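A.B. asks: sequence and predicted structure are below.
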Amino acid sequence: MLQLSGQDASFVYLETPHTPMHIGSVGIYDPSTAPGGFVRFKDVLSFIESRLGGARSFRQRLVRVPFDLDHPYWIEDPEFDIEFHVRHIALPKPGDWRQLCIQVARLHSRPMDLSKPLWEFTVVEGLDNVEGLPPGCFALVSKVHHAAIDGMSGVEMSAAVHDLDASMKPPEKADEWQPENMPNVADLLTRSYFNSLRQPMRVMETIGRSLPGMAKLAATVSKGDVSIANTKMAPKTRFNGKVSAHRVWDAVPFKLADIRAMKEAVADATVNDVILAIVGGGLRQYLDDKGELPKESLTAMAPISVRGEGEKAALGNLVSAMVIPLGTHIADPMERLQYVHDQAVNSKAMTNAVGARTLADYSQLIPSGLAGLAARLYTRVGAANTHAPVFNTVVTNVPGSRVPMYFCGARMVAMYGTAPVFDSMGLINPVYSYGDTIAVSFTCDRNMMPDPENYAAALRSSFETLKAATVATPAGKPKPAPAAARPKAAAKPKAAKPATPRKTAAKQTAPGRKPAVRKQGAK
């Protein structure tokens with residue numbers, strides 16, 4: 001048995017019927033590269049079954065301590081059944097992008113069975129009318145509970161079921177997995193008792209490690225190397241209240257080369273800075289169109305992996321975080337990029353002063369019973385509606401493969417992300433890169449964002465205006481940012497830049513989309 005860390009266990013405690021705490025991905029595949037030019041569901045089952053030894057999460061289930069007196073444990077599930085975890089559905093005709101978005105939102109909104117290994121794969125066939133894709137593509141929608149993986153360890157799990165070519169060679173290492181017996185209640189309570197005796201020592205160790213960092217932070221602030229001027233609560237928005245059980249999902253792909261060219265406009269800027277500036281511009285436009293743009297800048301929480309080289313395949317979460325203002329109060333896209341870069345540098349300096357690993361360790365200090373009770377009470381009393389949020393949204397960047405990947409012999413042509421939302425944080429933006437594309441996906445509560453096509457249009461508009469302001473023309477002069485190029489997405493489908501469906505294959509890049517409609521989501 002392996003016990004969950006305090007950080008991993010927090011995602012179990014936060015789980016409610018309205019706030020399922022799983023992350024995942026939406027991979028899209030062209031089956032023409034598979035043997036015979038197609039992929040059958042029974043081929044998918046046998047392929048995944050042959051790769052289960054590549055990641056521990058596949059066959060480990062959760063065992064909770066009675067009354068949550070201690071954090072739960074992982075055991076090797078003695079009742080594992082792969083057919084429970086791999087499902088198969090198809091889109092009705094015409095099988096377009098909007099239909100896929102609705103289906104992904106529905107799948108994502110459904111909580112997982114916590115008595116089983118915490119993952120699900122759903123094969124979605126019938127993607128026959130998506131711009132940029134050949135007819136006959138299929139999607140693999142994955143769900144993995146956040147208690148089991150973070151973004152980086154999720155990449156390791158994804159690698160277990162993908163190849164670098166279409167040959168479908170079986171793994172070289174034999175699968176030596178063995179199930180475990182379910183622990184009895186007396187054993188769990190005994191472990192809980194001895195763990196409680198060690199808790200004061202863990203508290204002292206963590207505080208001891210943090211004191212030098214706190215002193216270093218105070219010194220850097222006093223010297224002016226780090227500013228704490230923006231360390232305050234975020235402004236209240238429509239995304240920062242109690243969430244419902246319904247979700248919307250969409251994704252907007254960009255060329256990675258364009259993002260890299262845009263970062264050159266600001267000294268030492270990074271790809272992450274550009275993405276944050278694009279999200280900031282998208283949120284500015286979306287809220288401004290509704291007359292709800294705060295005067296203060298919205299902020300984003302950006303997770304930071306603290307995995308060491310020997311922890312790449314470790315189960316669970318090893319992350320800390322930074323809170324970065326998004327510059328939503330700044331109209332000029334170039335000024336917003338500079339602002340975001342400066343704030344990211346400052347936030348990173350503050351995190352480094354204390355130590356990202358030390359900040360992550362603070363989650364171990366909260367007693368398990370108290371953590372579970374606090375999470376349940378926070379949701380039940382609707383506390384999210386009564387206070388200012390710590391941050392407005394999450395932007396999490398997960399680097400993907402730069403070379404083509406294959407699932408069951410089918411070539412991956414696009415990869416997007418899904419992620420959980422919860423009370424006080426109803427919008428999350430997972431950023432996935434694959435090949436020459438980087439995509440900003442988003443998951444949101446449907447009541448908070450009934451028109452996801454408008455936010456997608458705002459992200460595209462933000463990208464175009466930032467590109468125009470930062471990327472030089474062939475003559476060597478910066479492109480002028482269009483003064484009034486921002487579309488009004490809510491009123492007309494034109495804002496979403498609808499593309500004409502093509503019946504034949506185009507470039508194997510991320511899909512476009514047809515004219516959007518007003519509502520998407522899940523019931």
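C.D. replies: Nice, thanks for sending it over.

A.B. asks: contacts for the helix or strand where A261 lies, please.
C.D. replies: Using DSSP states H and E, A261 sits in helix 256-263. Applying Cβ atoms under 8 Å, 6 or more residues apart in numbering, the contact partners of helix 256-263 are 269-271, 273-275, 337, 433, 436-438, 463, 466-467, 470-471. Heads up, the C-betas are built off the backbone N, CA and C, glycines and all.

A.B. asks: show the backbone phi and psi for the nearest residue to M448 once chain neighbours are set aside.
C.D. replies: For M448, ignoring the flanking residues on the chain, the nearest one in space by Cβ to Cβ, 6 or more residues apart in numbering is G426 at 4.5 Å. The phi/psi pair for G426 (degrees, to the nearest 10) reads phi -100, psi 10.

A.B. asks: D258 versus G426, what's the distance?
C.D. replies: 29 Å (Cβ to Cβ, to the nearest Å).

A.B. asks: likewise for P66?
C.D. replies: 54 Å.

A.B. asks: swap in F194?
C.D. replies: Using Cβ to Cβ, F194 is found at 56 Å from D258.

A.B. asks: who has more neighbours out of these two?
C.D. replies: It is D258, of F194 and D258, that has more neighbours when counted by other Cβ atoms under 10 Å, with 17 against 9.

A.B. asks: C444 - that's part of a helix, no?
C.D. replies: No: counting by DSSP: H, G, I helix; E, B strand; the rest coil, C444 is not part of a helix but strand.

A.B. asks: isn't P404 up against M415?
C.D. replies: No: contact criterion Cβ atoms under 8 Å: P404 and M415 do not qualify, at 11.2 Å.

A.B. asks: tell me how far I428 lies from L256.
C.D. replies: Distance, I428 to L256, by Cβ to Cβ: 21 Å.

A.B. asks: likewise G241?
C.D. replies: Taking Cβ to Cβ as the measure, G241 falls 35 Å from L256.

A.B. asks: contacts only, for G417.
C.D. replies: I23, G24, S25, V26, A251, T396, V398, P430, V431, Y432, A439, S441.

A.B. asks: export the helix or strand encompassing it as CSV, just CAs?
C.D. replies: Here G417 sits within strand 410-418, counting by DSSP H and E. Extracted in CSV, the C-alpha atoms of strand 410-418 (Å, rounded to 0.1, in the frame of the first residue of the first chain):
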residue,chain,number,x,y,z
ALA,A,410,-3.4,5.7,-35.8
ARG,A,411,-1.4,8.9,-36.0
MET,A,412,-2.3,11.6,-33.5
VAL,A,413,-3.1,14.8,-35.4
ALA,A,414,-4.2,17.1,-32.4
MET,A,415,-4.0,17.1,-28.7
TYR,A,416,-6.1,19.2,-26.2
GLY,A,417,-6.6,19.3,-22.5
THR,A,418,-9.4,19.1,-20.0
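
A.B. asks: buried sites along the next helix or strand after it?
C.D. replies: Counting by DSSP H and E, the next helix or strand C-terminal to strand 410-418 is strand 427-434. By 16 or more other Cβ atoms under 10 Å, the buried positions in strand 427-434 come out as L427, I428, N429, P430, V431, Y432, S433, Y434.

A.B. asks: who does strand 427-434 touch, helix- and strand-wise?
C.D. replies: In terms of contacts (3 or more Cβ pairs under 8 Å, 6 or more residues apart in numbering; DSSP states H and E), strand 427-434 is packed against strand 393-398, strand 410-418, strand 437-445.

A.B. asks: which of the ones you listed sits closest to A166?
C.D. replies: strand 410-418 (6.9 Å; Cβ to Cβ).

A.B. asks: now that closest one, how far from the centre of its chain.
C.D. replies: Relative to its parent chain, strand 410-418 has a centroid offset of 14 Å by Cα atoms, centre = their mean, to the nearest Å.

A.B. asks: next one: stretch 75-90
C.D. replies: Distance, centroid of stretch 75-90 to centroid of chain: 23 Å (Cα atoms, centre = their mean).

A.B. asks: could you pull up the mean pLDDT of that stretch?
C.D. replies: Average pLDDT, stretch 75-90: 96.

A.B. asks: with just CA atoms, put it into CSV.
C.D. replies: Extracted in CSV, the C-alpha atoms of stretch 75-90 (Å, rounded to 0.1, in the frame of the first residue of the first chain):
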residue,chain,number,x,y,z
ILE,A,75,-3.6,-0.6,-3.5
GLU,A,76,-3.4,-2.8,-6.6
ASP,A,77,-7.0,-3.5,-7.4
PRO,A,78,-7.9,-7.2,-7.0
GLU,A,79,-11.1,-6.6,-9.1
PHE,A,80,-9.6,-4.7,-12.0
ASP,A,81,-11.6,-5.0,-15.3
ILE,A,82,-10.4,-3.1,-18.3
GLU,A,83,-13.8,-3.0,-20.0
PHE,A,84,-15.1,-0.8,-17.2
HIS,A,85,-12.4,1.8,-18.0
VAL,A,86,-12.5,1.8,-21.8
ARG,A,87,-15.7,2.9,-23.4
HIS,A,88,-16.9,3.4,-27.0
ILE,A,89,-19.4,6.0,-28.5
ALA,A,90,-19.9,7.7,-31.8
